[in-house]
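Novice: Provided below for reference: sequence and predicted model.
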2 protein chains.
Amino acid sequence: MISSLTNERVKKIIKLYTPKGRKEAGLFVVEGPHLVKEAKEAGLLVEAYTTSDKYEGELVSVEVMKKICKTDTPTAQIGVCKLTDKHEISDLILVLDGIQDPGNLGTLMRSAKAFGFETIFLADKTVDIYNDKAIRSSQGAIFKLNFIYGNKIDFINQINKTHHIFSTNVSKGYSVEAVQPFKKFVLILGNEGNGVSQEINDLELENLYIPIINTESLNVSVAGAILMYELAKKTLK
Amino acid sequence: MISSLTNERVKKIIKLYTPKGRKEAGLFVVEGPHLVKEAKEAGLLVEAYTTSDKYEGELVSVEVMKKICKTDTPTAQIGVCKLTDKHEISDLILVLDGIQDPGNLGTLMRSAKAFGFETIFLADKTVDIYNDKAIRSSQGAIFKLNFIYGNKIDFINQINKTHHIFSTNVSKGYSVEAVQPFKKFVLILGNEGNGVSQEINDLELENLYIPIINTESLNVSVAGAILMYELAKKTLK
C-alpha cells in the first residue's frame, strides 16, 4: 500500500492536475469508480488507485487519496488515463467559443453526447476539457466525443462547405423552432457573459435564439442543450 | 471602514452562511454587484458591504471581504437581504423532489423563471435555496419566485384539484413531445442519482421523458429545462 505523501507515483499523479503536466505525460486523472469504469471501457485506463479492496487498482492510504484527488470528500478510486485521441468530424458538431466555467463545459459535453453532437470544436479561451470539474460534469462523455482544436475562423470557413452553420444570439436571429432540418450542421455557443465572440459575429452567420416567455437569460449549458435537442429532433424527422 | 475580522457586524454576516443563522436573523447574503442590484430591485436589500467606492454600501477591507464572502476570488460587493416571502401558487409549478447539488438547484430556479414556472415546491431532502452556490447560479431568479415548503404528498394531492401533474421517469412514460397542452400544470423533478422518490412514484402519476438519440442521461438541470421549455411552449400555443 502506498502511504507516503512523497512517494514518486503520488508526485507524478499530482502533476497531472496541471495542463503542462498532462501534456508532458499524455495522461489525465478521473475520479470515482463510475468514471474509472468508463475510462476502462473506452480503452484509455492506464492504472487505478483505490482506498478500498472493493475496487481495482493499487491500494493507497486515505491520506494519499486526499492528496491525489480533487473532490472535497476523497473518492474511493481514481484512474490515470491516456488523453482522448478521437478527432473525427461528425454530422452534428458543437463549437464552443469561450466557455469559461468547467461545470458548464462538462455539462455541455454530456448533453452533446446525448443529442448526437459527437464532435466538439474548442475555440481558444474555452476552458480545458481535462479540468477536474469538467471531467466530473461530463459523466464519461469525455471518453466518447471527438475534440478538435485550431483557429475557429479557419474551422468555420472549412466546415461551411459540408455543414450548415448556426450561431447564437439572444437579441437577433430566428427562433430555433422555425429552423429547417439539415442533415449536417454546426451549432456555435459563446461565452457565459458575452456570448459568441466578435470575430464570429462578423461572419454574419444565421443566428438562433430560444423562444422564452420572460426576458430572463438562461445558463449557457441549459441554452445549449435546448438548442441541441431542438436541432437534433428536426434532423431525426 | 471595517477592517477588523472580529467586528460584531462581520461576525453577524458569517452566521448568515448557516441555515440556523439565516433562520434566526431572517436574513441571507448575496454576493456580487449584479445580485445586490437584483435584491434592491426586489425590495429585499437590508444593507450592503463593499471594497470599492464604485459601489453602494459600507466600506470594508479586502481581508474582511474575504471573510464575509464565499467566492474564491473575493467579490467587490455583498448584500444582506431579507428572506424571500413570496408563496403564491402560479399556473405552472415546479416540484423539486430531492435535488442535492446547489448549482443544479440555482440553475433550475433560473430556468423556471425564464419559462414561467413562478412557483417552486421544495420537498424534503432538497438542498437549501439560500446555499451560496444556489443563489449565484439562480442569477437573481431567487428574488422573483414563489417558494412553497411542506409535505410533498399532501401538496400533490391538493394541487391535483386545479393543476395537471407530470412526473418524470427516464425508463417509462410519454415523450414530452406527445403531451397535450394544459393551462395549469405541475412538473416534478427528482434527485440527481435516483430520480423521483418512491413515495411519488407510488402515486402512479403521468410520467414524461425526453426523446434523445443516445442512451446517455442528462444533467437534471438540463433535463428539467428541456421539459419546462416544451411544456411552456405548448401552453402558450
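Specialist: It's in.

Novice: hey, let's count contacts and neighbours off CA atoms from now on
Specialist: Will do.

Novice: hey, which helix is longest across chain A?
Specialist: Assignment by DSSP state H gives helix A:220-236 as the longest helix of chain A.

Novice: Could you list every helix and strand that that helix packs against?
Specialist: helix A:102-114, strand A:185-190, helix B:220-236 (3 or more CA pairs under 8 Å, 6 or more residues apart in numbering or on different chains; DSSP states H and E).

Novice: which of those has the lowest average pLDDT?
Specialist: Of all these, mean pLDDT reaches its minimum on helix B:220-236 (a mean of 92).

Novice: Can you dump the C-alpha atoms of that one in PDB for me?
Specialist: Output in PDB follows, covering the C-alpha atoms of helix B:220-236 (Å, rounded to 0.1, in the frame of the first residue of the first chain):
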ATOM      1  CA  VAL B 220     -31.100  17.200 -14.000                       C
ATOM      2  CA  SER B 221     -31.000  20.900 -14.600                       C
ATOM      3  CA  VAL B 222     -30.700  20.300 -18.300                       C
ATOM      4  CA  ALA B 223     -33.500  17.700 -18.400                       C
ATOM      5  CA  GLY B 224     -35.700  20.000 -16.300                       C
ATOM      6  CA  ALA B 225     -35.100  23.000 -18.600                       C
ATOM      7  CA  ILE B 226     -36.000  21.000 -21.700                       C
ATOM      8  CA  LEU B 227     -39.200  19.700 -20.100                       C
ATOM      9  CA  MET B 228     -40.200  23.200 -18.900                       C
ATOM     10  CA  TYR B 229     -39.400  24.600 -22.300                       C
ATOM     11  CA  GLU B 230     -41.500  22.000 -24.200                       C
ATOM     12  CA  LEU B 231     -44.400  22.200 -21.700                       C
ATOM     13  CA  ALA B 232     -44.400  26.000 -21.600                       C
ATOM     14  CA  LYS B 233     -44.300  26.200 -25.400                       C
ATOM     15  CA  LYS B 234     -47.500  24.000 -25.600                       C
ATOM     16  CA  THR B 235     -49.300  26.100 -23.000                       C
ATOM     17  CA  LEU B 236     -48.500  29.300 -25.000                       C
END
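
Novice: Contacts for that helix, please.
Specialist: The contact list for helix B:220-236 (CA atoms under 8 Å, 6 or more residues apart in numbering or on different chains) reads A:212, A:221-222, A:225-226, A:229, B:104-105, B:107-108, B:111-112, B:115-117, B:176-177, B:179-183, B:187, B:189-192, B:210.

Novice: Buried among the residues you listed? Make that a PyMOL selection.
Specialist: Entered in PyMOL, the line below selects the buried ones among the contacts of helix B:220-236, by 16 or more other CA atoms under 10 Å in any protein chain shown:
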select buried, (chain A and resi 212+221+222+225+226+229) or (chain B and resi 104+105+107+108+111+112+115+116+117+176+181+182+187+189+190+191+192+210)
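
Novice: got the domain boundaries for chain A?
Specialist: Taking automatic domain parsing as the reference, chain A has its domains at A:8-82, A:92-236.

Novice: Now tabulate the ones you listed in TSV and tack on distance to B:L94.
Specialist: Putting the domains of chain A into TSV (distance: least, CA to CA, whole Å) gives the following:
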stretch	distance to B:L94
domain A:8-82	30
domain A:92-236	16
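
Novice: Run through the residues of chain A sitting next to chain B.
Specialist: Residues of chain A lying near chain B by CA under 8 Å from any CA of the partner chain: A:107, A:110-111, A:113-116, A:212-219, A:221-222, A:225-226, A:229.

Novice: Parallel or antiparallel, list what pairs with the helix-or-strand element of chain A with minimal mean pLDDT.
Specialist: Lowest on mean pLDDT, DSSP states H and E among the helices and strands of chain A sits strand A:174-175, with a mean of 89. Here strand A:174-175 is paired, per DSSP bridges, with strand A:206-209 (parallel).

Novice: quick one on the thing from earlier: tabulate the helices and strands packed on helix A:220-236 (a markdown table), appending distance to B:V80.
Specialist: Formatted as a markdown table, those follow (distance: least, CA to CA, whole Å):
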| stretch | distance to B:V80 |
| --- | --- |
| helix A:102-114 | 27 |
| strand A:185-190 | 32 |
| helix B:220-236 | 27 |
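
Novice: Would you map the strands across chain A?
Specialist: Per DSSP state E, chain A carries strands over the ranges A:27-31, A:45-50, A:58-59, A:77-82, A:92-97, A:119-122, A:146-149, A:164-168, A:174-175, A:185-190, A:206-209.

Novice: Go ahead and measure how far stretch A:43-56 is from the middle of the chain.
Specialist: 23 Å (CA atoms, centre = their mean, to the nearest Å).

Novice: With that, I have no additional questions.
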